[in-house]
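> Show me the folded form of this:
(4 chains)
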Number of protein chains: 4
Amino acid sequence: MCRIAAYTGPAIPLENIIVRPRHSLLTQSQHANEAKLAVNGDGFGISWYGQDERPGLYRDVLPAWADDNLTNLCRMVRSHLFIAHIRASTVGETSRANCHPFALGRWSFCHNGQIPHFGRIKRRMMAALPDALFDARRGTTDSEMIFLTMQAHGLDTDPAAAIAATLRDIGPEDASGPVKLTCVFSDGQGLFAFRHASSGDSPTLYLSGVLDNGGRAVASEPLCGMTDRWTALPCNMLCRITAEGVQTEEIGPSRAAALQAAE
Amino acid sequence: MCRIAAYTGPAIPLENIIVRPRHSLLTQSQHANEAKLAVNGDGFGISWYGQDERPGLYRDVLPAWADDNLTNLCRMVRSHLFIAHIRASTVGETSRANCHPFALGRWSFCHNGQIPHFGRIKRRMMAALPDALFDARRGTTDSEMIFLTMQAHGLDTDPAAAIAATLRDIGPEDASGPVKLTCVFSDGQGLFAFRHASSGDSPTLYLSGVLDNGGRAVASEPLCGMTDRWTALPCNMLCRITAEGVQTEEIGPSRAAALQAAE
Amino acid sequence: MCRIAAYTGPAIPLENIIVRPRHSLLTQSQHANEAKLAVNGDGFGISWYGQDERPGLYRDVLPAWADDNLTNLCRMVRSHLFIAHIRASTVGETSRANCHPFALGRWSFCHNGQIPHFGRIKRRMMAALPDALFDARRGTTDSEMIFLTMQAHGLDTDPAAAIAATLRDIGPEDASGPVKLTCVFSDGQGLFAFRHASSGDSPTLYLSGVLDNGGRAVASEPLCGMTDRWTALPCNMLCRITAEGVQTEEIGPSRAAALQAAE
Amino acid sequence: MCRIAAYTGPAIPLENIIVRPRHSLLTQSQHANEAKLAVNGDGFGISWYGQDERPGLYRDVLPAWADDNLTNLCRMVRSHLFIAHIRASTVGETSRANCHPFALGRWSFCHNGQIPHFGRIKRRMMAALPDALFDARRGTTDSEMIFLTMQAHGLDTDPAAAIAATLRDIGPEDASGPVKLTCVFSDGQGLFAFRHASSGDSPTLYLSGVLDNGGRAVASEPLCGMTDRWTALPCNMLCRITAEGVQTEEIGPSRAAALQAAE
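Got it, this is the predicted structure:
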């Protein structure tokens, strides 16, 4: 269980989202309200967009609250579009390569949730990746595999279709438990958010109304004092946030079925 | 608020105290019961004694639960006397130099608590250190200063007197709050434990009865399943634990007064 | 290009090999004589054997010379059998998962050299691994893949055959350059050393004569002052060192051919 | 012996100085030409100025060449004024608190050189610091002490006088060897550079002519391909570089004497 916060709008210092709000991501890293684990100390990461097409990426395995470099970076760097993630690993090792966001080309991606049967399907998912994406894998998480698989399924051209195809690859839940995905990702143009659970509920994700400065944010838990109009994002709804507004698109069984029929 | 566990007795793998007990120090690092903060993720350290007079020292700034090196070390290294500490810093930076235990010569020392008025007396305490101890200071904590000051006051020859003199140097509490010290330290021969609060209560410390293997332990919270006879250590009582048993010595106002008279 | 040192014999502090010799591994990390790169600052690692069947493992990404934990460990830990490695990565990221030695079950393994065409054969080698070994992969190096492939080919029962079969899997060199392997590994009983180059010469490896204390060592460069009888290990010769002495076995084309015929 | 590079002029990505030049600071970290040690792997740091009065600060103990975060930061962050430093510690521990630059308020400061008799004068220099500067000390280096002492001597109002007074505090060299200071520092307005040696020569520092983009740089070794007009900075000459040009001021014995007379 991790915590996510992301923003798009007029360029602001990263700290305005990550550090300063009363219930900021940094605060959530020590005192999460809506997570299974109250502590998220297994590394963190930020991706942010600037003049370069590729995002900047800063990840480390320290607890976010202990890293002076992070607070300095958040104070100095301004961006119109960024994603931040703090990690609480339930299993597996803490390493930079396993910290979110993952970045490839102009995309960056972070994830909260899990595929309980990942051990069973990992080889198949690996084998299905094209060479370039196979080579791009650096860590051992299901999250990175989801990101690479979405790229293999055409994330560049049709994000909704890429998600639907990835869910199909992941397949139905088994006795090990429900598949839960709460993802936030970006291509540098828009900010995408998506929740899905094969059964039960996926980790929370809230979409802000228009912030005081005209921007918009998504976060695992509402960031206090910026807007009181946070709305919980429903499951199976791909949300794309830009300066112009918010577009949503359902990615339900029908979409997946339609895709399957089209093949 | 930090968590401490220490052991002396027949040589055992460090993991028998630090990793394996049901409520081990590693478990406490994520789910402390009796600490103000449930999380202790701001570094950790171990000192252990072997053939060399000087203890081994292993400290790092990662959360203890995320460090494979630590679990490997605890599985492989056997010792008859060791101290482990996990840190939850209330203020100040996370760095190896600020991780406990501190080691100097044959001594190692760890601390849970604080001197709220440390900022006011730091310069005076620094100035009072002999050159060798002044030079030995590596970090910025009150804990390291307490350790060095105890050494300046003859820790080698009379630990109880060294503590009393150090408490006198620290002076009475002021409006910033009560002085609280819960220390565990060793010279490689015995394991010392001491609690003190200028008012109110100091962080907990429990002394085990004789463990299954004939050893003894002290810990911030009882380590389950090893003995049911854990007793809370009273304040102002210096406790020295060896293979032969447990000696206690009161370090109350009378002792401090006696010392003062003797000067 | 990396540096390796390993020892088997009467239990000694690790520092006697890694830190103390005039041209110790730690010295070599800053001033290698026979390596392409004079600096080996991209992480280090130690595996050592004790009472447990599985080796202890300590790896980190700091330069070896900067890590107090390492020097403490080397001073305190005694072992009858250990391997140390300092890494100078020519390509790829510095992470703990990419530091040598790699350990699995009772085996630990380190490597100096490279498979220049690894990018071309990686997927095939991955796909050939049994599930348990596939899941055990943590990093991105050719070295770890060699180790896992050796295990897949029966390292437990016939190390020489496992090496021959692994060389066959790696296949002939191509235009990207010669395959070079200089490996040191152990199962906790013996210390194995092996050099191979598809053409030209493989990174150096020297075998000590009997050391002053009756033990034996292998090292990328002779460790001064311990014995003057260091002999360069020839290529294609598997060397197994135990308390009883040194056994050698040729692993040449004939052996590989014999294996092939037997299938 | 460390390596320094700094820039002021039109805002550019940090990488244009730190990563991209043929003989960039990153290259120098592995292959320095004019340093005693060819390797500078004991940490690094960057300070850079933006909208905030206080500089951003990014420091870590990894070798600079191994840190993906650093290359990402250098690619994304643009600044009109920044200082970068890579460290090769001759003595003492590697920790973030000992990495340059040091920052306090709007100043940042880095140093190459040493005070061989620092051990002898450290207590006196510590004691002479005003409380706020005493409390600001985080590490154990002579470099940080020089910076704090310069602040105590009015760096804010008269940098040349602050340097002269600091040199007086450091005092004459003794048998332990010559005092050598090569400093680069900034208040966010100008870029200051200064070399001094009590005897012999101080570590090199070169001042660029006007770069292709109209900016100026100083560096321990000329950064190739940006300008061929690098000039070695003479000793005892304080150099202040701004958009308008370069001002120099001698800080010789006469200046120090004048200051002394004025007191």
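> who does residue A:13 bridge with?
Going by DSSP bridges, residue A:13 is paired in beta bridges with residue A:78.
> Would you confirm that it contacts residue A:76?
Yes - the pair formed by residue A:13 and residue A:76 meets the contact definition of CB atoms under 8 Å, at 7.2 Å. (Each C-beta comes from the backbone N, C-alpha and C, glycine too.)
> residue contacts, residue A:193?
By CB atoms under 8 Å, 6 or more residues apart in numbering or on different chains, the residues touching residue A:193 are A:6, A:183, A:184, A:205, A:207, A:218, A:233, A:238, A:239, A:241.
> Between residue A:13 and residue A:76, point out the one with more neighbours.
residue A:76 (23 against 19; other CB atoms under 10 Å in any protein chain shown).
> Leaving out chain neighbours, which residue sits closest to the more buried one?
Excluding its sequence neighbours, the residue lying closest to residue A:76 (CB to CB, 6 or more residues apart in numbering or on different chains) is residue D:56, at 3.5 Å.
> rewinding a little: out of the contacts of residue A:193, which is most surrounded?
residue A:184 (30 neighbours).
> Looks like it contacts residue A:191 (just checking).
Yes - taking contacts as CB under 8 Å, residue A:184 lies within contact range of residue A:191: 7.0 Å.
> What is the nearest of the contacts of residue A:193 to residue C:172?
Using CB to CB, residue A:183 comes nearest to residue C:172 of those, at 44.0 Å.
> coming back round to it: what touches both of residue A:184 and residue A:191?
With CB under 8 Å, 6+ apart as the test, residue A:184 and residue A:191 both reach A:6, A:83, A:218.
> quick one, what contacts the first one?
With contact set as CB under 8 Å, 6+ apart, residue A:6 has these partners: A:17, A:82, A:83, A:84, A:184, A:186, A:191, A:193, A:217, A:218, A:219.
> Weed out the non-buried ones from those.
Neighbour-count burial (16 or more other CB atoms under 10 Å in any protein chain shown) applied to these gives A:17, A:82, A:83, A:84, A:184, A:186, A:191, A:193, A:217, A:218, A:219.
> Who is the last one paired with across the strands?
Think residue A:219. When bridges are called by DSSP bridges, residue A:219 pairs up with residue A:5, residue A:206.
> what's the distance between it and chain C?
Residue A:219 sits at a distance of 29 Å from chain C (criterion: CB to the nearest CB, to the nearest Å).
> Over to residue A:101?
For residue A:101, the distance to chain C equals 16 Å [CB to the nearest CB].
> just checking, the residue nearest to residue A:76 touches residue D:48?
Yes - counting by CB under 8 Å, residue D:56 does reach residue D:48; the two are 5.0 Å apart.
> Show me whatever sits in contact with both of the two.
A:76, D:77.
> Between these two, which is the more surrounded one?
Looking at residue D:56 and residue D:48 with other CB under 10 Å, you find the greater number of neighbours at residue D:48, namely 27 against 23.
> Any figure for the gap between that one and residue A:20?
Using CB to CB, to the nearest Å, we find residue D:48 at a distance of 21 Å from residue A:20.
> Over to residue A:236?
For residue A:236, the distance to residue A:20 equals 33 Å [CB to CB].
> Equivalent analysis for residue A:85, please.
Distance, residue A:85 to residue A:20, by CB to CB: 18 Å.
> And residue A:73, by the same measure?
With CB to CB as the criterion, residue A:73 and residue A:20 are 14 Å apart.
> more crowded one of the two?
Taking other CB under 10 Å, residue A:73 and residue A:20 do not tie; residue A:73 has more neighbours (25 against 18).
> residue contacts, the more buried one?
Neighbour list for residue A:73: A:14, A:46, A:58, D:56, D:58, D:73 [criterion: CB under 8 Å, 6+ apart].
> how about a cut-off of 7 Å?
Residues near residue A:73 by CB atoms under 7 Å, 6 or more residues apart in numbering or on different chains: A:14, A:58, D:56, D:58.
> I'd like the average pLDDT over the helix or strand hosting residue A:194.
Under the criterion of DSSP states H and E, residue A:194 resides in strand A:191-197. The average pLDDT within strand A:191-197 is 96.
> Partner strands of it, with direction?
Partners of strand A:191-197 in the sheet, by DSSP bridges, are strand A:180-186 (antiparallel), strand A:237-242 (antiparallel).
> closest one to residue B:108 among these?
strand A:180-186 (45.0 Å).
> Show me what stretch A:50-70 is in contact with.
With contact meaning CB under 7 Å, 6+ apart, stretch A:50-70 is reached by A:26, A:29-30, A:41, A:43-49, A:73, A:79, A:86, A:94-96, A:99, A:101, A:103, A:105-106, A:108, A:188, B:41-42, B:61-63, B:66, B:93-94, D:58-60, D:69, D:72-73, D:75-76.
> Per-residue pLDDT of residue A:50, please?
pLDDT recorded at residue A:50 is 96.
> That one - how many residues pack around it?
Neighbourhood size, residue A:50 [other CB under 10 Å]: 21.
> again, but for residue A:47
By the measure other CB under 10 Å, the count of residues near residue A:47 is 30.
> Equivalent analysis for residue A:220, please.
26.
> who in chain A is up against chain C?
For chain A, the residues in contact with chain C (CB under 7 Å from any CB of the partner chain) are A:95, A:96, A:97, A:119, A:123, A:127, A:134, A:135, A:138, A:140.
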